[in-house]
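Novice: structure, please.
(one chain, ligands or ions: 1)
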Amino acid sequence: MKRVFSGVQPTGNIHLGNYLGALKQFVELQDDHECIYCIVDMHAITVPQDPKVLKEHILDVAALYLAVGIDPKKSIVFVQSDVSGHAELSWILTCNSYTGELSRMTQFKDKSKNKESAPTGLFTYPVLMAADILLYDTDVVPVGNDQKQHIEICRDLAGRVNGKFPGTFVIPDGRFLKEGARIMALDDPTKKMSKSAENIHSRISLLDDPTKIKKSIMKATTDSDGVVRFDVENKPGISNLLNIYSALSGMSISDLENKYEGKGYGDFKKDLVEVVIEALTPIRNRYEEIRNSQELLDILKEGAVKADMIAQKTMKRVKENFGLGL
Ligand code: TYM
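Specialist: Residues are numbered from 1 along each chain as shown. The predicted model follows:
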């Protein structure tokens, strides 16, 4: 069975973009892959975090993993900082990375723009992400397509090390969905939907209640032409809503275009509200059941033990190949 690894940062406001770009794929892959899903808390501290809030957010993501359908009997679910191999391998990879390639990463360029200095962790963020993936001999990494550059640098680093020490790493492939691979902000469809945007109506969080969902969708930016047609370039707002509708309902974009021919955006949005509420209500209910349970803590503890066993095996091989330790 091929091995899958992916992670989500515990930074609050997990939204429809995270769900359609990543979490939904996580669930689908469980049946015929060996899956490892991580809550990447060490990535979260590349920007300042309140320790109490961070702890809550770790449990929030863990509960959401289970609420969307990740089954701990099939998949390993754990917290990154509970397995020390991530930090160890990250250092070894850092020594094999170049400042030039890291300074070309768009995420770093965006986050350090107009600042005199930026945290080093932000700069080496992609190396830690590569360590996450390579530590588990991962074959497939399901992610939204905003992570394409990170997957590429991971493959480059693995290939570079294998060039020096053959057989050290498995070279992973990214798995990106065509539709829903990038869900855009509802208030500005030229930007991706994000956890940190100030306007809460720019996103639909997985835990939003029906009133909030309705408000955000009814307010979503469209255009003045009033025709429900998929055209990302000229009609990015309605195209984004079509993407969401299609991914959640299973209907194709062209079937949706036919369904709403001659109807306005109002009818389309009203139906989309129903589709989103129907998809998110069971997730919210399951989340409430599990969020404060002992079961959740037990699952994470057991997940960390299983992940650590795989990680230690890789670290032994990597250290041997590099001539580290005795
Ligand atoms: P994070 O926490 O920002 O996002 C989690 C996942 O959600 C996807 N995503 C989106 N997909 C579609 N549309 C959007 N608007 C959208 N916003 C986010 C992301 O692509 C991601 O798959 N660097 C990663 C976390 C990470 C990781 C890893 C992932 C750390 N180590 C190893 C895979 C493997 C991140 O910041 O994800």
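Novice: tell me the SS of the closest residue in space to K306 that isn't next to it in sequence?
Specialist: Excluding the flanking residues, the one nearest K306 by Cβ to Cβ, 6 or more residues apart in numbering is I76, at 4.9 Å. Using the backbone N, CA and C atoms, a C-beta is placed for each residue, glycine as well. Following DSSP: H, G, I helix; E, B strand; the rest coil, I76 is assigned to strand.
Novice: identify the bridge partners of I76.
Specialist: For I76, the beta-bridge partners are I36 (DSSP bridges).
Novice: next one: it from V141, what distance?
Specialist: To V141, I76 is 15 Å away according to Cβ to Cβ, to the nearest Å.
Novice: swap in S202?
Specialist: Per Cβ to Cβ, S202 is found 27 Å from V141.
Novice: which residues of the stretch 101-250 of the chain lie near the ligand?
Specialist: 129, 132-133, 141, 143-144, 146-147, 150, 182-183, 192-193 (Cβ under 6 Å from any ligand atom).
Novice: wait, which of the residues you listed is closest to N243?
Specialist: Of all those, I183 has the smallest distance to N243: 6.7 Å, by Cβ to Cβ.
Novice: which stretch of helix or strand covers R182?
Specialist: R182 is part of no helix or strand, with elements assigned from DSSP states H and E.
Novice: contacts only, for it.
Specialist: Residues counted as contacts of R182 (Cβ atoms under 8 Å, 6 or more residues apart in numbering) are G17, G21, G144, N145, D146, K192.
Novice: from these, keep the buried residues only.
Specialist: Neighbour counting over the contacts of R182 (16 or more other Cβ atoms under 10 Å) leaves G17, G21, G144, N145, D146, K192 as the buried ones.
Novice: make CSV out of the residues you listed and add pLDDT.
Specialist: Listed next are the buried ones among the contacts of R182 as CSV, based on pLDDT from 0 to 100:
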residue, pLDDT
G17, 94
G21, 91
G144, 91
N145, 85
D146, 90
K192, 93
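Novice: farthest pair within these?
Specialist: Among these, the pair separated by the greatest distance (Cβ to Cβ) is G17 and N145, at 10.7 Å.
Novice: quick one: average confidence on stretch 53-63?
Specialist: Average pLDDT, stretch 53-63: 98.
Novice: and the gap between the closest residue to V276 other than its chain neighbours and the ligand?
Specialist: Leaving aside its sequence neighbours, V276 sits nearest to I213 (Cβ to Cβ, 6+ apart; 5.3 Å). Here I213 is placed at a distance of 17 Å from the ligand (Cβ to the nearest ligand atom, to the nearest Å).
Novice: now do the phi/psi pair for I213.
Specialist: Backbone torsions for I213, taken as degrees, to the nearest 10, come to phi -60, psi -50.
Novice: run through who's touching stretch 62-79.
Specialist: Stretch 62-79 has contacts (Cβ under 8 Å, 6+ apart) with 8, 14, 19, 23-24, 26-27, 30-31, 35-39, 41, 58, 206-207, 283-284, 286-287, 290-291, 296, 299-300, 302-304, 306-307.
Novice: let me see the contact set for the residue nearest to V276.
Specialist: I204, V273, V276, I277, L280.
Novice: tell me what the strand or helix carrying the last one is packed against?
Specialist: In this case it means L280. Using DSSP H and E, L280 maps to helix 265-290. In this structure, helix 265-290 packs against helix 51-68, helix 210-219, helix 236-249, with contacts taken as 3 or more Cβ pairs under 8 Å, 6 or more residues apart in numbering; DSSP states H and E.
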